[in-house]
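Undergrad: here is the input, now give the coordinates:
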Amino acid sequence: MLSINTVGISLVSNTPLRVHASGCMEGKHKAAITGCAWSPDGQLAICAQDQTLSLSHENGQTFAELRLRLQPSNISYGRADNGKDSLLTLLLENKAVFVLNVNRKDGPVELTFSERYGDIVDQKWLPRGLLLIGFSKGYFNIVSTNPSNMGTELFQVRDYRSSELTGVAVCTALGLCATISGVSIRIHNIDDPRETTGNLEVKGEPSPLTAIEWSDDGDALTVSSAQGNVYCWPGSIKRQAAPAVAKADAVAKKTVASKDKEGKDDKQRQAARLYTLQSPHGPGGIFFAWQRRHGTYMATTGYNQLVNIYDRMGTMVDQIALPGNCTGFGWDMNGDILAAINEKNSAIILWDANYSSKTRVRQLDSGLRDPLSSLIWSRTSAYLAVGTAKGNLMIYNHQTSRRIPILGKHTRRITCGAWNKQNLLALGGEDKTLSISNEFGDTMRVATLRAEPSQIQFSEMKMDGASDGENTVSFIGDKKSLLLLHYLEEPAKDPIELDFKPAYGKLVSLVLVKKNLFLFSLTDPDNPVELAFQARYGNITQYEWFGDGYILLGFSSGYFVAISSHMKEIGTELFQIKNHKTALTDIAVNLALSKAASCGDNVVKIHELQEMKEIWSVLSLDDEKSVDQVEWSDDGQLLAVGCSSGNLHVYLSSLPILGGAAGTRIAVLTSLLEVTIMDYLRKEESIPFTVDVEPSFLGIGPFHLIVGMNNRAWIYLIGEGATSPELIRDREYLSTVESVRLNADYASILCDGVIQLHVLESESGESEEREGRLFPDPEHRDMKVTCHYLTADFLIYGTDTGQLVFFYLEDWTVVNEYRHTMGIRQLYPEVNGTRVVFVDERSEGHIFNPVTDLLERIVKFPPQALGVLWENYPLDRNVFIAWDRTTISTFVYTRENIDGAVVDMVDTTPLPAGQSPLLLYNGEVTLQTCSGRVTQLVLASHEMEANMNQYEEKELTTALKKNIALRRYKDAWTVAQALDKPEEWRRLGEACLKDLQIEMAMRVYRQMGDVGMLWSLETIRDIEDIKLLAGYVAMFLGNFDQAQTFFLMSGTPVAALEMRRDLLQWEMALQLANKLAPEQIPDISREYAHQLEFTGDYQQALQHYERGQSLAAEDASDDHKSQCLGGIARWVKGGVG
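TA: The predicted structure is shown next:
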């Protein structure tokens, strides 16, 4: 993030300078000079502490002086991208970059950057008017200083996170740049700074590096340290070069090499080639289309008069022979019907994906007598539009089989078209007109164009007010301009034409002679928006709408550009990058995956739509000369790439996140027909194996795995070691399976609100009753099961009416049933089923204890929670996590606490996008990615170094708090020892007391030397009554009302009376004595009377003396009687003493 401020030029002085023969110039500035630089044109720039900048000729004559806002430094010259203009830059107190084009009259600008980058440390010039800027917080950015996109951040890389960046260097001869921090050096590729080509470390240097410089020819790289040491790497440092003076750290090298390999492997896994079709239609190009919605089939054609249909794995399922070459084909909105036309006749071939092979193909007579030239399916209904070579049109309703022929819609060949969501049809033709018609063929609008259009698309232009649906037709004209026709409610405006850099080449939306992109409004057809490009830019290749009115453009020279269609920012460049060296041939956008792909040369590059600068994957087709077409399936899982050779390559770009865990064993879908089983504790052992079907559900138990789709499942027995699972049976269920749960013996299958429980492996002698059972019972079929889980002993399920049911497998009966106030959506029991987290219809989280039937609401539970995992580490079984799309929250459940059963949120951890938690073990979450891989993430609540010696005091305090919050009191003891502060020991001691950890609390107070507390705890350490124990702890902590509550709930309620007597709280003691120990009332009355007498309340004192005397038992002590009589006598005597 940066801002650009225009700066005015202020002439300071025109006083001539005296130039001595030696070349010394007196009076140049009135303060110390902080920097100077010569331009390539022989101009001298000097800046000084008096906040001035002077520009002089070679003879020393000053021709301009500027007053600056801040003190300048680090001045340098560079060349703009036109190769002529000289650009001057300098730093203003490390807060801004000052840029001045000395060859132009327009004023300089200041570039300021986001505070998160830190202060500006250094700046270096790159070719083409680009500036490399290093920041103190570890970032370095590449920024454009060219007038057309001044200040645009092209790249931003964070090289260092825990230390400050102190310098940058550039070597244009090698195409490399370098940064330094501490004693580390990192080297990057200038063309793509995200690529790290070297990672070096100056071994043995005690002070941080302060400067770095490259020789112009790249033969030497030098760095200097704060202690004055200089190190030099001789030779060309191109990939992992070793320094001569300070040897690079071998371990660092190995780590970087390993990371580079992992990065390459990751990209290959992200988009692995699934299969290749070798020239299925002979030499020449290949054309293809994925089935809509399902993506189960792909249709291909070429120049051999055949249409092939393949399944997702590349197996041909059907082939259609045409009389001539195919001139158009496509799938209907649901992906049920494939339509194809050819150049020889007017028949339409329809292929039905839902019928058997014998009845799939049928022929439809279009009713037109001229060759068919274009075919367009509606996106929202069953309408099919077919255009002809003579401009005629036929609209076919597949639902009603009605055909509407329209003659003379255009005067020449119809070449392109598109439907919008409101079933309006836009057509373009060789007659240079654009027609808008309804679904019955009635012409609504006709626009005359100045060139032949192509690539017509409907979309929604970005507007300030409410949207009226897909209101804009866009197309390309002249391959140079982008035209937008929009239905505006405002007064008529002239068309808008936007120019793009000539280097971009082609652009795409309705295209006019492949030169212009034309956007046509249905409500204001007289005022289209035309985005035009100069002739030298080249032809438009392709364009796509995405997001909130944005357009992604591809240009023939390899550039990839995103612009806005909002009227206030029409044509504004949001992003641009040169993706391909020689040519860009096609682009594709997939909103489900939020990715965009471009192809050119023999490379496909995939970008994140949310952050276009980020390249998600690069596919290099080394076995191909050029790539022509790229298209995603609707779900984004498969990416097809067509090549000029006629080959078609299909890549797996994304997988459905399908996985499960049982204990520490994990099963994940790693390819369309591959499942991999691994164990968290033995990460090196993984078992990939092929399954018979592309699964839509998966479940894993201690010994079995179930995969399946629709209503059929395959059950596998997991072998020992690296043995592949063995298929033992397959089974069909009542309806489509929603979810599956397993334990060692049983499977629980949820289908349409009903659970089918059955044994995994039927044994001889097993009773028929135990073979299986349906839930709920017939008498409760009015309720619908919404969620279920199998532990070793229980089937637990929740219903839409709020029942939480525990079915005990051993006795084959329901043993507990809790009724919630509303329906239950999801449930997540811990491994033994003794605690269950469930989410109700209000999206609130609760934890239920079936042993005590107590329910606790989980405060701060994520309202959009996607799942819950319990900790599998034996010592932390009270920890669980809940997550939504962005955040993982860590909770701790404590059953015994002086506040009762409590659930505390400990911390939150960011969840990487597109990843789903599978397993939690010792604070480390195993995540499944959309590429089928698993990664590990340490929770923020558990982020602690094992070696306490590496921690400073602040970090130790944080570690202590985390361990206390997690109830890891032994670890907290170790941290407290390292801190050894009384307040931290007290924090730990009180936490132990609140959780009734008496032994640990005694250990802590013994360490503190608190003899009184230690002695008090010694007297209660053997108490088994939890309520009584909690009462004493609350009393020791000063929570007397809470202590009384616990005492009264315990088996020794009189302890509450004893506490009030010890506290001299006589009024409350009398109230308790009336109920708990009436025999103590005389003694309490006497003591209370003493206190009242002491405070001067003689009347009340007399009453309590009399009460103590009158209620005293016959065997009361003489001392008690004498004290009561004495108190009464002092009052009777008059004046009370």
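Undergrad: what about the residue nearest in space to the middle of the chain, which helix or strand?
TA: The centroid of the chain falls nearest to A913 when counting by CA atoms, centre = their mean (1.9 Å). Counting by DSSP states H and E, there is no helix or strand that carries A913.
Undergrad: can you pull the pLDDT of it?
TA: On pLDDT, A913 comes in at 86.
Undergrad: swap in E1114?
TA: 61.
Undergrad: just to revisit the earlier point, for the residue nearest to the centre of the chain, which residues are in contact?
TA: T886 (CB atoms under 8 Å, 6 or more residues apart in numbering). Where C-beta positions appear, they are placed from N, C-alpha and C, glycine not excepted.
Undergrad: the closest residue to L911 other than its chain neighbours in helix, strand or coil?
TA: In this structure, L911 finds its nearest non-sequential neighbour in I888, 5.1 Å apart by CB to CB, 6 or more residues apart in numbering. Counting by DSSP: H, G, I helix; E, B strand; the rest coil, the backbone at I888 sits in strand.
Undergrad: contacting residues for I888?
TA: The contact partners of I888, by CB under 8 Å, 6+ apart, come to 881-882, 908-911, 917, 925, 937, 939.
Undergrad: mind putting these into JSON lines with secondary structure, distance to T52 and neighbour count?
TA: Converted to JSON lines, those look like this (DSSP: H, G, I helix; E, B strand; the rest coil; distance: CB to CB, whole Å; neighbours: other CB atoms under 10 Å):
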{"residue": "I881", "secondary structure": "strand", "distance to T52": "60", "neighbour count": "23"}
{"residue": "A882", "secondary structure": "strand", "distance to T52": "61", "neighbour count": "24"}
{"residue": "T908", "secondary structure": "strand", "distance to T52": "51", "neighbour count": "18"}
{"residue": "T909", "secondary structure": "strand", "distance to T52": "51", "neighbour count": "20"}
{"residue": "P910", "secondary structure": "strand", "distance to T52": "47", "neighbour count": "10"}
{"residue": "L911", "secondary structure": "coil", "distance to T52": "53", "neighbour count": "21"}
{"residue": "P917", "secondary structure": "strand", "distance to T52": "60", "neighbour count": "21"}
{"residue": "V925", "secondary structure": "strand", "distance to T52": "58", "neighbour count": "24"}
{"residue": "L937", "secondary structure": "strand", "distance to T52": "53", "neighbour count": "17"}
{"residue": "L939", "secondary structure": "coil", "distance to T52": "55", "neighbour count": "22"}
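Undergrad: closest to G134 out of these?
TA: Set against G134, the nearest of these by CB to CB is P910 (26.4 Å).
Undergrad: residue contacts, the closest one?
TA: Contacts of P910 (CB under 8 Å, 6+ apart): 886-888.
Undergrad: need the pLDDT of it.
TA: Note for P910: predicted pLDDT of 95.
Undergrad: any idea what it is bridged to?
TA: As for beta bridges, P910 partners with T887 under DSSP bridges.
Undergrad: residue numbering should commence at 3 henceforth.
TA: Happy to do that; since the first residue is 3 now, the last one works out to P912.
Undergrad: rewinding a little: of the contacts of I890, closest to N394?
TA: If you rank the contacts of I890 by distance to N394 using CB to CB, L913 comes first, at 56.0 Å.
Undergrad: mind listing what the closest one touches?
TA: Counting by CB under 8 Å, 6+ apart, L913 makes contact with 885-890, 919, 939.
Undergrad: 6 Å instead?
TA: 885, 888-890 (CB atoms under 6 Å, 6 or more residues apart in numbering).
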